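Asks: next one to model:
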Amino acid sequence: MDCMKEWLEPIIRVQSLSESGASSIPKRYVKPPAERPGQVISPNEGTHGSNVPVIDIRSLVNESNPSDEATLRAISQACRDWGFFQVVNHGVSAEMMATMRDSWNEFFRMPMAEKQRYANSPATFEGYGSRLGVQNGAILDWGDYFFLQLFPESIRCKEKWPTCSTTLCETTEKYGRELRNLCRILTQALSVTLGLEKTMLWRAFGEEEVGSSLRVNYYPKCPQPDLTLGLSAHSDPGGITVLLPDYRVLGLQVRRGDEWITVKPVADSFIVNIGDQIQVLSNAIYKSVEHRVTVNSVEERASIAFFFNPRGDLLIGPAKELVNNDRPPQYKFMTYNEYRLYMRKLGPCGKSHIETMKA
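Replies: Here you go, the predicted model:
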């Protein structure tokens, strides 16, 4: 059996394990000691006083001042120092964000038999899933998810779009278009802050054929949260990730040096992070950063990640304007379709995937 076409092991839903009432987690979910989260954060209170930068992008969204130097400078600094930042006044209504959260929370509350109709496979990962990598015997994360390809529409697996809700598909479609527009604005800001022509990154990603996908992450309550993670440490393989967080329950942590910083979302904000493809295109001026997700024994947690990626068949490498004698190309050229196979085969593995692209 081909591991890229069919799962080689039975798929167990973490939600079912959580709801079984067991007092311990199966060994398949127990992380090696060095990867365990240690002291588990309270679901409503972070362990650190720091937070990723919060940036008001109203001037960029409204085009009242698309060259607002203060905002661009804040974005550039956040990309260099953190690889993460939160955006407020981003143009997506709080009502739309709430409807999106409510619609997908409703899906995960449905009977298991209904959710199983949309079970995914390694071939595309679209649909209802519980693991990212396909390796036999891999240590698993304590989380389920639903993954959808959004754009270009030609690559959607339409039978995986849930029909069990009258509003979910319509809401997801509208949300996806608004997030794609937001990411276009962000690519313009990143291009300018890198000293590139304003539309450079948008064009490098494929313009109207840019790839976009959505993953709804569901992290059930866990009886032993100190032994596992909802999502292991990794950097995102794509271009830009825009996360609609769970404002009630903390869990996202960002690596900063040797520390793991718990992100405290600001109301109605999105959390934005740089992916591996921006690291490559910027010739490592901007770097993707490892992050992970903790779980807890008190509250379930959900978040919605929008991934803005290069079109799959385009070669991605360092922008020629950012290569010179003092800064030679750091990475070789590769298509995003080739690159994302690392995540599909191996699952989240820190920053190891991008090491394969070193020139």
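Asks: in the stretch 251-359 of the chain, where is pLDDT below threshold?
Replies: Applying pLDDT under 70 to the stretch 251-359 of the chain flags the ranges 345-346.
Asks: tell me where it has helices.
Replies: Read by DSSP state H, counting those that start in this stretch, the stretch 251-359 of the chain holds these helices, from start to end of the chain: 276-281, 336-339, 341-346, 352-355.
Asks: residue 157: how many residues sit nearby?
Replies: Here the neighbour count serves as a burial measure; for residue 157 (other C-beta atoms under 10 Å) it reads 17. C-beta coordinates here come from the backbone N, C-alpha and C atoms, glycine included.
Asks: where do the strands of the stretch 201-350 of the chain begin and end?
Replies: For the stretch 201-350 of the chain, the strands defined by DSSP state E, counting those that start in this stretch occupy 211-219, 231-234, 240-244, 252-256, 259-262, 270-274, 291-293, 301-309, 315-316, 334-335.
Asks: between those strands, which one is closest to residue 34.
Replies: Between residue 34 and the strands of the stretch 201-350 of the chain, the shortest gap by C-beta to C-beta is with strand 231-234, which sits at 10.6 Å.
Asks: against which helices or strands is the closest one packed?
Replies: Taking 3 or more C-beta pairs under 8 Å, 6 or more residues apart in numbering; DSSP states H and E as the contact definition, the neighbouring helices and strands of strand 231-234 are strand 291-293.
Asks: touching the strand it packs on from outside, list them.
Replies: Here strand 291-293 makes contact (C-beta atoms under 8 Å, 6 or more residues apart in numbering) with 37, 84, 143, 217, 219, 229-235, 251-255, 260, 273, 301.
Asks: mind naming the longest helix for this structure?
Replies: With residue count as the measure and DSSP state H as the assignment, the chain has helix 168-193 as its longest helix.
Asks: now it against strand 270-274, angle please.
Replies: Angle, helix 168-193 to strand 270-274, by axes from the mean of the first three to the mean of the last three C-alpha atoms, to 10 degrees: 50 degrees.
Asks: which strands or helices does helix 168-193 pack on?
Replies: In terms of contacts (3+ C-beta pairs under 8 Å, 6+ apart), helix 168-193 is packed against helix 58-61, helix 69-81, helix 94-108, strand 144-151, helix 200-204, strand 211-219, strand 240-244, strand 301-309.
Asks: surely residue 37 is in a strand?
Replies: No - the assignment for residue 37, made by DSSP: H, G, I helix; E, B strand; the rest coil, is coil rather than a strand.
Asks: pretty sure it sits against residue 229.
Replies: Yes - the pair residue 37 / residue 229 is scored as a contact, 6.2 Å apart, by C-beta atoms under 8 Å.
Asks: what's the overlap in contacts for the two?
Replies: Jointly contacting residue 37 and residue 229 under the rule C-beta under 8 Å, 6+ apart are 292, 294.
Asks: so which of those two has more stuff around it?
Replies: Remark: of residue 37 and residue 229, residue 229 carries more neighbours, 26 against 21, as counted by other C-beta under 10 Å.
Asks: that one contacts residue 260, doesn't it?
Replies: No - with contacts defined as C-beta under 8 Å, residue 229 does not count as touching residue 260, sitting 10.7 Å away.
Asks: shared neighbours, those two?
Replies: By the contact definition C-beta under 8 Å, 6+ apart, residue 229 and residue 260 are jointly contacted by 37, 292.
Asks: for residue 281, what are its contacts?
Replies: Here residue 281 is in contact with 201, 204, 316-319 (C-beta under 8 Å, 6+ apart).
Asks: make it 7 Å
Replies: Contacts of residue 281 were listed using C-beta atoms under 7 Å, 6 or more residues apart in numbering, and they are 201, 204, 316, 318-319.
Asks: looking at neighbours, which among these is most surrounded?
Replies: Neighbour counts for those peak at residue 201, which has 29 neighbours (criterion: other C-beta under 10 Å).
Asks: please verify my assumption that that residue contacts residue 190.
Replies: Yes - under the criterion of C-beta atoms under 7 Å, residue 201 lies in contact with residue 190, with a separation of 5.8 Å.
Asks: just give the nearest non-adjacent residue to residue 31, would you?
Replies: If the residues on either side of it in the chain are set aside, residue 31 comes closest to residue 228, at 5.7 Å by C-beta to C-beta, 6 or more residues apart in numbering.
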